[in-house]
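1. Task: produce atomic coordinates for the following.
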Amino acid sequence: MVSQFGSLGYTIMGKTADLTVVQKTIIDTLHKEGKPQTFTAKEAGRSQSAVSKHVNRKLSGRKKCGRKTCTTNRENRSLERLVKQNRFKNLGELHKEWTEAGVKASRSTTHRHVKEFGYSCCIPIVKPLLNHRQRQRRLTWAKEKKKWTVAQWSKVLFSDESKFCISFGKQGPRIWRKSGEAHSPSCLKSSVKFPQSVMIWGTMSSAGVDLLCFLKTKVTAPDYQEILEHFMLPSADQIFKDPDFIFQQDLAPAHTAKSTKSWLNDHSVGVLDWPANSSDLNPIENLWGIVKRKMRNKRPKNADELKATVKETWASTPPQQCHRLITSMPRRIEAVIKAKGAPTKY
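-> Below is the predicted model of the structure:
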């Protein structure tokens, strides 16, 4: 005979998990009917020992054992509200503000409750600040490009600038050393106030990467136009083999200057309209990160060696990797729409 509770299918993984309200109801009902504990355990989806403990506890009138909590559910909810109001408060600030409201709890209790809420202390991800107008512009742009296919994005030449620095003596967060070796040269982590660095301008497309341009000073509009003529146009000719391509650039002052716009029009270069502060929409930003991660174990000693290392690492980027980044564009568009213009995980 199949019990009326058999179709509920309530099971709890683990022998030490507490009984649910439904399981307690099933056990109590079947116990009153005089059913054996083996049958009751099967219907409730629990072990026979769990059923026996529940029945014996009810018969003896004994409540659940264990130390009582020092805070109420209402006080716990107030702590969770404090966390949500300002995610940047440290544990000490949360504990102080919570106890000042009349809650009697230790710092460890505060920490335990915060962890029970599902929060953990992490390093925040840095994203560009977007105002309301910029979010709306991103959302509108994403909706306009929602139907673009990967084939259409493959005709776009993405460009961007990035800074590469020399990290002197980088040996990781920890080292192996013996007693008395703390000041040994081999055990020191060196630091410099102004490490040598290079600023780079580059392009990428679905076909791969091309020429890099090392920038010496702050780029003005005339400087940028020379970069376009000596680096962007040759790259486009080599990659696309025809003038039917779209050039992407951000809204830097040198890029949006009137003289730059005239130069692009004179050379019949179609420019992709681009929303402000939208590095998460540009796949070349991810490529810069990949190149920098590949250079972690490199130890250039000066700017010249740094340039050579960047060139070598950049040139070794496989076209398949660039193609994968381009195929992520539809997902980036969907992410912006879902976030209503706010920054995305990209």
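2. show me what contacts residue 83?
-> With contacts defined as C-beta atoms under 8 Å, 6 or more residues apart in numbering, residue 83 is in contact with 89, 94, 114, 117, 119. Bear in mind the C-beta positions are built from the backbone N, C-alpha and C, glycine included.
3. Check the chain and tell me which residue is nearest its centre.
-> Nearest to the mean C-alpha position of the chain, counting by C-alpha atoms, centre = their mean, stands residue 345 at 4.8 Å.
4. gap between that residue and residue 325?
-> Separation of residue 345 from residue 325 (C-beta to C-beta, to the nearest Å) stands at 14 Å.
5. which residue ranges form the strands in this structure?
-> 156-165, 197-205, 208-215, 246-247, 270-271 (DSSP state E).
6. Just give the nearest non-adjacent residue to residue 337, would you?
-> Nearest non-adjacent residue to residue 337, counting by C-beta to C-beta, 6 or more residues apart in numbering: residue 142, 5.0 Å away.
7. so how many other residues sit close to residue 71?
-> Taking other C-beta atoms under 10 Å as the neighbour definition, residue 71 ends up with a count of 16.
8. what's the burial count for the nearest residue to it once chain neighbours are set aside?
-> Distances taken as C-beta to C-beta, 6+ apart put residue 105 closest to residue 71, at 5.5 Å, once the chain neighbours are dropped. Using other C-beta under 10 Å, the number of residues around residue 105 comes to 19.
9. quick one, what contacts residue 105?
-> 70, 71, 75, 95, 98, 99, 113 are the contacts of residue 105 under C-beta under 8 Å, 6+ apart.
10. need the contact list for the nearest residue to the fifth one once chain neighbours are set aside.
-> Yep, that's residue 98 we're talking about. Excluding its sequence neighbours, the residue lying closest to residue 98 (C-beta to C-beta, 6+ apart) is residue 79, at 5.2 Å. Contacts for residue 79 (C-beta under 8 Å, 6+ apart) come out as 71, 94, 98, 103, 110, 113, 114, 117.
11. pretty sure the fifth one is touching residue 93, no?
-> So that's residue 110. No. Contact criterion C-beta atoms under 8 Å: residue 110 and residue 93 do not qualify, at 10.3 Å.
12. Comparing these two, which shows the higher neighbour count?
-> Per other C-beta under 10 Å, whichever of residue 110 and residue 93 has more neighbours is residue 110, with 22 against 12.
13. residues in contact with stretch 286-300?
-> By C-beta under 8 Å, 6+ apart, the residues outside stretch 286-300 that reach it are 160, 162, 164, 166, 170, 204, 209, 306, 308-310, 313-314, 316-317, 321-322, 325, 346.
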